[in-house]
Each structure stands twice: as structure tokens, then as C-alpha cells.
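Enquirer: kindly generate the corresponding structure for this input.
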Amino acid sequence: MSDNTAVLLQAMRMGGALPPEIVEYMYHNGAFLLFLGFPQASEFGIDYKSWKTGERFMGLKMIPPGVHFVYCSIKSAPRIGFFHNFKAGEIVVKKWNKEAETFEDEDVPAEQIPEKKRQLKSMDNSLAPYPYENYRSWYGLTDFITPETVERIHPVLGRITSQAELVSLETQFMEDAEQEHKETHFKNRVDRQNPVRTRFVDQHGLPIMKIREGYEIRFQEIPALTVTKHQVGIDYSDRLYVLLRGLGGDWKQLLAEMQIAFVCFLQGQVFEGFEQWKRIIHLMSCCSNALGSEKELFMAFIRVLFFQLKECPTDFFVDIVSRDNFLTTTLSMLFANVRDSVHGGAELKKKTAQFKQYLTNQFKWDFDCEDGGGEK
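Expert: Okay, here's the model as predicted:
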């Protein structure tokens, strides 16, 4: 935890508005985001809060150093956003492109930074302060995310969008072949010399689509697992170990990915984030053999999931999370595995039992019914 973060969390515990000395401290040590040319009366947000922009809006000031998620939307269009690791005193500049209806980077050369900082004083009334009232919630949702996590997962082209940029596999193949000037491009063209060729279609004859290269969120590949009452005893610890090796053996990066996936869905409205979040929960719930060797991971996993569910809007569960009861079905497996484990230890069993009781009380979920989980 950085010194800036510690100062802010201490101020949050005091409640109410930030003391003047903290405001002054963050003005000089926080980051600035200039978001130029963004239309009035449009949605703009950072982390856990969004607003409708006013006529003079030009960005944000006093952003706490660390990883944040910035997002926007115009005319009720799908949200687009980005993660960024803001450094103390950094000035990030984005410019709105009206024609493309998206934002673009505007680099600030090092020699221009002093002049930019002098200009900030004249722009002060057009810069909204970071919403510190939500900082503790944001920190709790993202405490495992590091700059390395963002660099590893973030789309190459720098934008996360809730409306995927799709392209058919056939088109992607042709574009790749043409770009690389490969002979296969000419062999697979449809023309008078090549009227027929194998196409990329599904069993119904429809083109197979994928997210265009550069736009995809680069999540770790996790096999989809079907979790039902008939799978009691099945263990996927070997898959967890493979996944952790792919992350350099750092289990904190798995939880960081779980947190990024959750934020992508909750704030970015990206469904693939929800799917990755589900896949991680499914995998973690089916690894009874790993409970001993990865005890720290499972303890932290329970805490991360508890905080995510605690911070969710109420209708989030009604509309999405409770659909098909995937959480009750899946977590029933986790709770049973921990309960029956001889290697998990007393502390993990205690924390898991407390989490189970919280979910039962808060959401009226029954994890002990015969069919593996459901609502009371």
C-alpha cells in the first residue's frame, strides 16, 4: 500500500468531507485527467461513481495514485472505458473524437508537463474532484490489481467497450493473410479461379464471429466447467495449478484478474467480464485437493468474493447473478469441499462458514438443499 493510499484510507475512516490539509495534499500529489471535447449532458465516470457532464467539464483532478477505471457514454450508447495506473502528479490527456464517437490519447511530452501544470490552475473550475466518498469501496474491489495486471489484461488498442467489435473468422483470416502477404491469402480468395472454398461457419451455416484483434480483453484462458450435483467428488486442482503456473506462480494475480473481470462487468457493462468472473469462481469451487497447498489463495478468494457481493447493487442479483442460481450451485460445491477437507485448516473452515451464513442471511440462499443450491 502506497503512502498516498494510507493517507486517504485514514481520512476515509474519519468520515465526512476531507480535511482541508488532505485536499491540499491530494491536489499536489494526486493525478489529473484531462478529457477534452467531451459532449455536455453525457455520462462520465471513474471507479464507483458516474455523472452527467456539464457545459464546462474538462476532466478530473486529485485522482489518488493507483489503478482506476474511467468510462463514458454519449446518447445512451454502450459504455467505453479504460484502466490506467495513475501516478502521483501525472497528467493524462484524452481527446474526444466526434466522428468516431470515442476517445483518443494525446501524448504530453516531458518538456511540456511544467506548462500543462501551470495551465491546470486556470482550468480548475472545469475539473471535477475525484469522488473520495467512494474510494474505500473502490480500493476494496481492486486491492489485488497491479499495474502489471492492467498491462497483461488490457486490450492492445486501449479501450474496453460493452459493445464488442466483432469480425467473422473468415474476414479475420483474410485480413491477416493479406497483411502478412502470405500465399494462403491467394489460395483462399473467392474469385473466378477459386469459386468455392472452406468457410468458417457453425453447424447452422452461420459465420463464426470473434472479437476483432486488438479489442479483446486478454483474460487468462480457463476451461468452462459445468457444476452440478452429479459432479460431487470431481476435482480440477490440476487445472488450477496450470493456471497459476501461467501467472508465474503468483496467486494474487488470479484474484486480480477476478477483480478486473468483475469491474469490467459491473462498471464497464462488458458481459465477457461476467463470464470470466464465473469461470474463476467455478474453478475455485472444484479444487478440493488444492485446499491445503493453496490455503492463502482460498482465504483471500473468500474475502474478495465477499466484498464483491457486498458492494453489488441489489438488482444486480435479481437480474444477473441469481440467474440459473449459478452462485448457489457453484458455492455449494466450495462449501462442501472445505467442510469435508482434512487439509484446509480450521481458519479456512471458519471463514467459509461465516461467508456461507452471510449469504444465507443476506440473500436468502439455501446451500444445503438436495439439488445443490437454490433460493428459499
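
Enquirer: C-alpha from now on. contacts and neighbour counts both.
Expert: OK.

Enquirer: can you pull out the strands in the protein?
Expert: Assigned by DSSP state E, the chain shows strands spanning 31-36, 43-46, 49-52, 59-63, 66-73, 80-86, 91-97, 102-105, 127-129, 160-161, 166-168, 209-211, 365-366, 374-375.

Enquirer: residue 335: which of those strands is closest?
Expert: Closest to residue 335 of the strands of the chain, according to CA to CA: strand 365-366, at 11.8 Å.

Enquirer: quick revisit: tell me which of the strands of the chain sits nearest to residue 222.
Expert: In terms of CA to CA, the element of the strands of the chain nearest to residue 222 is strand 209-211, at 17.2 Å.

Enquirer: what mean pLDDT does the closest one get?
Expert: Average pLDDT, strand 209-211: 56.

Enquirer: residue 298 is nearest to which of the strands of the chain?
Expert: Closest approach to residue 298 among these is made by strand 365-366 (21.2 Å; CA to CA).

Enquirer: what pLDDT, on average, does that closest one get?
Expert: For strand 365-366, the mean confidence score works out to 83.

Enquirer: centre-most residue in the chain?
Expert: Nearest to the mean C-alpha position of the chain, by CA atoms, centre = their mean, lies residue 260 at 2.5 Å.

Enquirer: and the gap between that one and residue 298?
Expert: Between residue 260 and residue 298 the distance is 18 Å, computed by CA to CA, to the nearest Å.

Enquirer: now residue 56
Expert: Using CA to CA, one gets 47 Å for the distance from residue 56 to residue 298.

Enquirer: swap in residue 252?
Expert: Applying CA to CA, the value for residue 252 to residue 298 is 11 Å.

Enquirer: between these two, which is the more surrounded one?
Expert: Legend: neighbour count by other CA atoms under 10 Å for residue 252 and residue 298, higher for residue 298 (25 against 20).

Enquirer: who's in contact with the more buried one?
Expert: Taking CA atoms under 8 Å, 6 or more residues apart in numbering, we find residue 298 in contact with 284, 291, 348.

Enquirer: my guess is the second one meets residue 339, correct?
Expert: Spelled out, that is residue 291. No - counting by CA atoms under 8 Å, residue 291 does not reach residue 339; the two are 10.8 Å apart.

Enquirer: more neighbours: which of the two?
Expert: Taking neighbours as other CA under 10 Å, residue 291 and residue 339 compare with residue 291 leading, 22 against 18.

Enquirer: skipping adjacent residues, who's closest to that one in space?
Expert: The shortest distance from residue 291 to any residue other than its chain neighbours is 5.0 Å, reached at residue 344 (CA to CA, 6 or more residues apart in numbering).

Enquirer: hmm, the one you found is touching residue 299, no?
Expert: No - look at residue 344 against residue 299 with CA under 8 Å: they stay out of range, at 9.7 Å.

Enquirer: who's more crowded, the two?
Expert: The neighbour count for residue 344 versus residue 299, taken as other CA under 10 Å, is higher for residue 344 (23 against 17).

Enquirer: and the more buried one, how far is that from residue 274?
Expert: For residue 344, the distance to residue 274 (CA to CA) stands at 28 Å.

Enquirer: please apply the same query to residue 225.
Expert: 15 Å.

Enquirer: higher neighbour count, the two?
Expert: Higher neighbour count among residue 225 and residue 274: residue 274, with 19 against 14, using other CA under 10 Å.

Enquirer: give the contact list for the more buried one.
Expert: Counting by CA under 8 Å, 6+ apart, residue 274 touches 261, 262, 264, 265.

Enquirer: can you check the pLDDT for the residue lying closest to residue 218 once chain neighbours are set aside?
Expert: Spatial nearest neighbour of residue 218, excluding adjacent residues (CA to CA, 6+ apart): residue 153 at 4.4 Å. Looking at residue 153, its pLDDT is 96.

Enquirer: run a quick neighbour tally on residue 153.
Expert: Neighbour count for residue 153, taken as other CA under 10 Å: 17.

Enquirer: that one and residue 215 touch, don't they?
Expert: No - assessed by CA under 8 Å, residue 153 is found out of contact with residue 215, at 11.1 Å.

Enquirer: helices along the chain, start to end?
Expert: Ranges of helices within the chain are 3-14, 20-29, 113-123, 135-142, 147-153, 169-180, 183-187, 237-246, 251-266, 271-284, 295-311, 314-316, 326-340, 346-363, based on DSSP state H.

Enquirer: picking that back up, quick one: the contacts of residue 274 as a markdown table, columns for distance to residue 132 too.
Expert: Output for the contacts of residue 274, formatted as a markdown table (distance: CA to CA, whole Å):
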| residue | distance to residue 132 |
| --- | --- |
| 261 | 23 |
| 262 | 21 |
| 264 | 21 |
| 265 | 22 |
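
Enquirer: which one among these gets closest to residue 65?
Expert: Distance to residue 65 across these (CA to CA) is lowest for residue 264, with 20.0 Å.

Enquirer: tell me the contacts of the closest one?
Expert: 160, 270, 273, 274.

Enquirer: of all these, which two lie farthest apart?
Expert: Spatial extent of the contacts of residue 264 (CA to CA) is set by the pair 160 and 274 at 13.8 Å.

Enquirer: where are the low-confidence patches of the stretch 51-200 of the chain?
Expert: 164-200 (pLDDT under 70).

Enquirer: count the neighbours of the residue nearest to residue 62 when sequence neighbours are not counted for me.
Expert: Computed as CA to CA, 6+ apart, the closest residue to residue 62 that is not its neighbour in sequence is residue 30, at 4.4 Å. Residue 30: 23 surrounding residues under other CA under 10 Å.
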